[in-house]
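Trainee: predicted model, plus sequence, below.
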Amino acid sequence: MQELTKKLIAEAESFTANTLEQIEEFKIRFTSKKNGELTKLFNEFKNVPVDQKKEFGQQINKLKEIVNEKINTLKEALEDQNTETGKLDLSAPADSNTIGSRHPISIVRNQILDIFKRLGFVVSEGPEIEDDWHVFSALNFPDEHPARDMQDTFFLERNTDVLLRTHTSSIQIRVMENQKPPIRTINPGRVFRNEAISARAHCIFHQIEGLYIDENVSFADLKQTLLYFAQEFFGADAKIRLRPSYFPFTEPSAEVDVSCSLCGGKGCKVCKGTGWLEILGCGMVDPNVLEANGIDSKKYTGFAFGMGIERITMLKFGVNDLRLYFENDVRFLKQFKSVIQ
Ligand code: PHE
């Protein structure tokens, strides 16, 4: 009996299998309740002399453990092998490719640029780190203008004029430096202002500004250009209205409202009952700005406009908190998958 048990232990230890069927055969041979080797040995137990019972019992238990262990490890190995060698279930549904989405700011930026490109505006960009001249002085900002203050502008070094641009008008100065009129330029970019972050304000945001300089450019040209933009972007029914305003670099200046696309101008929560939403600032380029950049203000006139992309995106997609644009939360971002631009 002892001999047989030892033989079976050796057999179980050295057993290998390439198929599930071989493992199953092994399992039946050893563990079948009816006439498996283990059952047979347990049945023999009563016939073993008393002084050998202990050792015999230990041997049977050892065999049982080895057999169970063998079955488990061989099964696992076989499963691993199956996935490795490509013995896959080809009828299983495929993993779908996860498609990313553009950031809503990029979508709206591209849509706005496309509209102005159709009017002959050429896209130019410029540096985010600027100097006082390009951001303020060349744009006719008086020395004591509050925007130059540390409270609004991020200066990068103390007592120098190295700063982060507070608006993209600085790109327009760079275009005027390098190009003679006629000029038709559209300038997207990131801008920086020292503001506390909230749902309505952020220290980093995006603007698009435009500049058109030629002979006989009039306020009517400005108005028509902006109406075209509003109708292309917000829909054919969109209306605009201009309210007098002030910017150091334009004279006269105006702020532009577009009719609220949510309520069709009737008045709702978004437009605070007015039927209008403010979307941009604009005006005729101040002759001082033209002269500061070597353009004859007797011969040439021009218009300029600037808008915040975050604000336009809020109106387009109903986003109600500026911070969402910067958090990169996929639950927010994946909502823009269907918009291709
Ligand atoms: N630069 C202005 C701003 O940042 C916008 C503007 C541009 C206004 C051009 C008028 C003309 O608010």
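Mentor: Happy to help now that I have it.
Trainee: for I9, which residues are in contact?
Mentor: I9 makes contact with 59, 62-63, 66, according to CB atoms under 8 Å, 6 or more residues apart in numbering. Heads up, the C-betas are built off the backbone N, CA and C, glycines and all.
Trainee: which residue would be the closest one in the stretch 101-250 of the chain to the ligand?
Mentor: H167 (3.3 Å; CB to the nearest ligand atom).
Trainee: check which helix or strand covers that residue.
Mentor: If you go by DSSP states H and E, H167 is not part of any helix or strand.
Trainee: likewise for S91?
Mentor: Using DSSP H and E, no helix or strand contains S91.
Trainee: next one: S245
Mentor: Going by DSSP H and E, S245 is part of strand 240-247.
Trainee: got the end-to-end distance for stretch 277-295?
Mentor: Start to finish, the residues bounding stretch 277-295 are 35 Å apart (CA to CA, to the nearest Å).
Trainee: is that stretch in proximity to the ligand?
Mentor: Yes: Stretch 277-295 reaches the ligand (CB under 6 Å from any ligand atom) through 281-283.
Trainee: which residues of this structure lie near the ligand?
Mentor: Counting by CB under 6 Å from any ligand atom, the chain sits next to the ligand at 167, 169, 209, 247, 250, 281-283, 304-306.
Trainee: mind putting those into JSON lines with pLDDT and distance to A220?
Mentor: Converted to JSON lines, the residues of the chain next to the ligand look like this (pLDDT from 0 to 100; distance: CB to CB, whole Å):
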{"residue": "H167", "pLDDT": "95", "distance to A220": "25"}
{"residue": "S169", "pLDDT": "96", "distance to A220": "23"}
{"residue": "E209", "pLDDT": "98", "distance to A220": "20"}
{"residue": "F247", "pLDDT": "94", "distance to A220": "19"}
{"residue": "T250", "pLDDT": "96", "distance to A220": "16"}
{"residue": "G281", "pLDDT": "97", "distance to A220": "18"}
{"residue": "C282", "pLDDT": "98", "distance to A220": "13"}
{"residue": "G283", "pLDDT": "98", "distance to A220": "14"}
{"residue": "A304", "pLDDT": "98", "distance to A220": "15"}
{"residue": "F305", "pLDDT": "98", "distance to A220": "14"}
{"residue": "G306", "pLDDT": "97", "distance to A220": "20"}
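Trainee: and the closest residue to V123 other than its chain neighbours, what is it in contact with?
Mentor: Counting by CB to CB, 6 or more residues apart in numbering, V123 lies nearest to I186, which is 5.5 Å off, once chain neighbours are set aside. By CB under 8 Å, 6+ apart, the contact list for I186 reads 113, 116-117, 121-124, 208-210.
Trainee: quick check: I186 is in a strand.
Mentor: Yes: secondary structure of I186 (DSSP: H, G, I helix; E, B strand; the rest coil): part of a strand.
Trainee: from A304, how far out is it?
Mentor: 11 Å (CB to CB, to the nearest Å).
Trainee: and what of Q81?
Mentor: From Q81 to A304 the distance is 70 Å (CB to CB).
Trainee: what do you get for E278?
Mentor: On the measure of CB to CB, E278 and A304 end up 17 Å apart.
Trainee: so these two - more neighbours on which side?
Mentor: A count of neighbours by other CB atoms under 10 Å puts A304 above the other of E278 and A304, at 26 against 18.
Trainee: pLDDT wise, what is T83 at?
Mentor: T83 is assigned 65 on the pLDDT scale.
Trainee: ok, now E13?
Mentor: pLDDT, E13: 89.
Trainee: ok, K117 next?
Mentor: Confidence at K117, expressed as pLDDT, is 97.
Trainee: neighbours of it, just the number please.
Mentor: There are 12 residues near K117, going by other CB under 10 Å.
Trainee: can you tell me the closest non-neighbouring residue to the residue of the stretch 101-250 of the chain closest to the ligand?
Mentor: Closest to H167 by CB to CB, 6+ apart is V191, at 5.4 Å.
Trainee: I'd guessed the one you found sits against S170; true?
Mentor: No: taking contacts as CB atoms under 8 Å, V191 lies outside contact range of S170: 9.0 Å.
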